[in-house]
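**Q** Structure of the sequence below:
(2 chains)
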Amino acid sequence: MSDRLAVRKTYKLYVGGAFPRSESGRTYEVTDARGHFLGNVARASRKDARDAVVAARGAFARWSGATAYNRGQVLYRVAEVMEGRHVQFCEEVSAAEGLSGSKARAAVDAAIDRWVWYAGWTDKLAAVLGSANPVAGPYFDFSLPEPSGVVAVLAPQQSSLLGLVSVLAPVLATGNTAVVVTSAERPIPAVTLGEVLATSDVPGGVVNLLTGDAEELGPWLAEHADVDGIDLTGAPASRAMEFEREAAGTIKRVVRPPATEPDWTADPGLSRMTPFLETKTVWHPIGI
Amino acid sequence: MTGMTHVLDPGALSDDARALAAPTPPYDDVTRSDSAFRAFLHGLPGVDQVGAEARVAQLGTRSIKTTSKAWAIDTAISMVDLTTLEGADTPGKVRSLAAKARRPDPSDPTTPQVAAVCVYGDLAGVARDALGDSGIHVAAVATAFPSGRASRAVKIADVQDAVANGADEIDMVIDRGAFLSGRYLDVYEEIVAVKEACGDAHLKVILETGELVTLDNVRRASWIAMLAGGDFIKTSTGKVSPAATLPVGLVMLEAVRDFRAATGRQVGFKPAGGIRTTKDAIKHLVLINETVGPDWLDPDWFRFGASSLLNDLLLQRQKLRTGHYSGPDYVTVD
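**A** Presented below is the predicted three-dimensional model:
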């Protein structure tokens, strides 16, 4: 019996619903936790980041305009497709993070459960975060949470899938569109998540996944005038302050990075959804 | 020098006399009859479509960066015919477009003005008043734009009306029906008549290349427009797709180049429709420079017919100035 020739995958970016190579043509090698070669992955450039922001901006009207119920259904479908790729995710998380089989399985289970949890929040946010305000006048006055717009996410460097889901899903559940820079050393589960998103009713451009270096891409996203918020969770500690200062130039919403990567299995509460919501208050005349 | 000529050749005309009795243009007799004109147009060298596509693809890979890019962006802005050709155009929209033409980026006074504002003929007066003494031209589309389906009398009246309203550039459409059915002389005579009706106004002749089917037809229509006295040849109305593609641009630029070589008269070129990004605009500038040379890199000889292109040019200009990417919130979107 002849040895089968290995089918080696070339991992690419996920931008605007397609899987392009980096505009720069750059790639880098990714290894597993023990240093064995896993694959070549595209190293996104600032122009890829720019293209991703254009795609995310283009997708924003449709995604934020969808009903909360519909967004929840689409996100739930993502969890269903993730479940179908369960075995693949386990292998990739195990290789990337050096986890044993059972621990990798627990991480993937938690990631899918986390996605389902956020899918459930889409149509409940307005009830929890909105309010009917008593005002001294003949008005019905109410406040509603609305999405900020395009959110750049520097995903956690350590937790390749659970961490990624924990920062991405809240951005989507609140109706924002996302440009994500994945973990630099552990990007492959993120690439697979891109394939899941591409096949699960999420409109192209709503999520854009860039594999590469958060230190290189961070400043461009932080300064970009068409980005409305940035999550600095995966930013290098030495640069986070600088990114935050650059983000202030266009008054972006900023989520500061934790001192060390948190325990992603803990209940996140609303802490990751509220930063990328704007409160709109409407005064509606009554009695006429 | 004039005296010397007399000495050497007693029969020679003085320079002034020579200009008055201009030599017969080499193509003066090709329009004497329908069959002669057809024979001439079909005798033009055929276009190698694959070669044209390969040539523009190769030129499209040129990398224009930093100071060259800054120059290209400013040059492109100064060549824009800022256009609004919608049924829903109002005097207010034309006035706001005129304000944008005068000061494309209010946050940066070093931004150059555009070349012209292009509107329907009935709004040319509004544009004229709003542009004042800014030096920006008013271009008006006429001759039953965009289809060109009207009698010649109506088309001429359309042109006269636009000129009376203050347009100093007229964008006419050729009769594609006549062209495609082989009545080339009709097309030619109509352009001649419109040119006459224009008076002092510049005439741009729209070929609507998207309806001409082949690049050979594009070359023939270019020659008809140039022989008939058009000051510019323009690719498209912007209402038909495909519009200003690069291979079409290459063929039309070769036509204006050949025409100047043969007759000494320079004709301008205006691609219009489908040019939306700075990258597209720079590709056209490269095409100009490599096909007809820098003589045409001037708003008097080259224009972009566009509406959204200006916004992208301004975004890229802001990127170069500030060092960070800009967004559509920072330019007027129209």
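**Q** State the three-state secondary structure for the residue of the stretch 101-250 of chain A found nearest chain B.
**A** Distances between the stretch 101-250 of chain A and chain B by CB to the nearest CB are smallest at residue A:226, namely 2.6 Å. Every residue, glycine included, has its C-beta placed from N, CA and C. Three-state call for residue A:226 (DSSP: H, G, I helix; E, B strand; the rest coil): coil.
**Q** swap in residue A:78?
**A** Secondary structure, three-state DSSP: residue A:78 is helix.
**Q** Helix, strand or coil: sort out the residue nearest to the spatial centre of chain A for me.
**A** Per CA atoms, centre = their mean, the C-alpha nearest to the average position across chain A is that of residue A:168, at 2.5 Å. Classification of residue A:168 by three-state DSSP places it in helix.
**Q** That one reaches residue A:178, doesn't it?
**A** Yes: using CB atoms under 8 Å, residue A:168 is in contact with residue A:178, at 6.0 Å.
**Q** overlap in contacts of those two?
**A** Jointly contacting residue A:168 and residue A:178 under the rule CB atoms under 8 Å, 6 or more residues apart in numbering or on different chains are A:153, A:207.
**Q** picking that back up, so the residue of the stretch 101-250 of chain A closest to chain B makes contact with residue B:331?
**A** No: in this structure, residue A:226 is not within contact of residue B:331 by CB under 8 Å, at 11.1 Å.
**Q** All the strands of the stretch 1-150 of chain B, in order from the start?
**A** With DSSP state E, counting those that start in this stretch as the criterion, the stretch 1-150 of chain B has strands at B:80-83, B:116-120, B:137-141.
**Q** Find me the pLDDT at residue B:333, would you?
**A** What the model reports as pLDDT for residue B:333 is 66.
**Q** Just checking, which helix or strand of chain A averages the lowest pLDDT?
**A** When each helix and strand of chain A is scored by mean pLDDT, DSSP states H and E, strand A:10-11 comes last, with a mean of 92.
**Q** contact partners of that one?
**A** A:27, A:30, A:39, A:40, A:41, A:42, A:187, A:188, A:191, A:211.
**Q** Output the contacting helices and strands for the next helix or strand after it.
**A** As assigned by DSSP states H and E, the chain's next helix or strand after strand A:10-11 is strand A:27-31. Counting contacts by 3 or more CB pairs under 8 Å, 6 or more residues apart in numbering or on different chains; DSSP states H and E, strand A:27-31 packs against strand A:37-42.
**Q** these two touch, right, residue A:162 and residue A:114?
**A** Yes: if you go by CB under 8 Å, residue A:162 and residue A:114 touch, sitting 6.8 Å apart.
**Q** and the gap between residue B:68 and residue B:285?
**A** Distance from residue B:68 to residue B:285, counting by CB to CB, to the nearest Å: 10 Å.
**Q** More neighbours: which of the two?
**A** Between residue B:68 and residue B:285, residue B:285 has the larger neighbour count (other CB atoms under 10 Å in any protein chain shown), namely 22 against 13.
**Q** which stretches of the chain have low pLDDT?
**A** Chain wasn't specified; assuming chain A. Scanning chain A for pLDDT under 70 picks out the ranges A:1, A:288.
**Q** I was thinking of chain B, sorry if that wasn't clear
**A** Across chain B (using pLDDT under 70), the flagged ranges come out as B:1-25, B:333-334.
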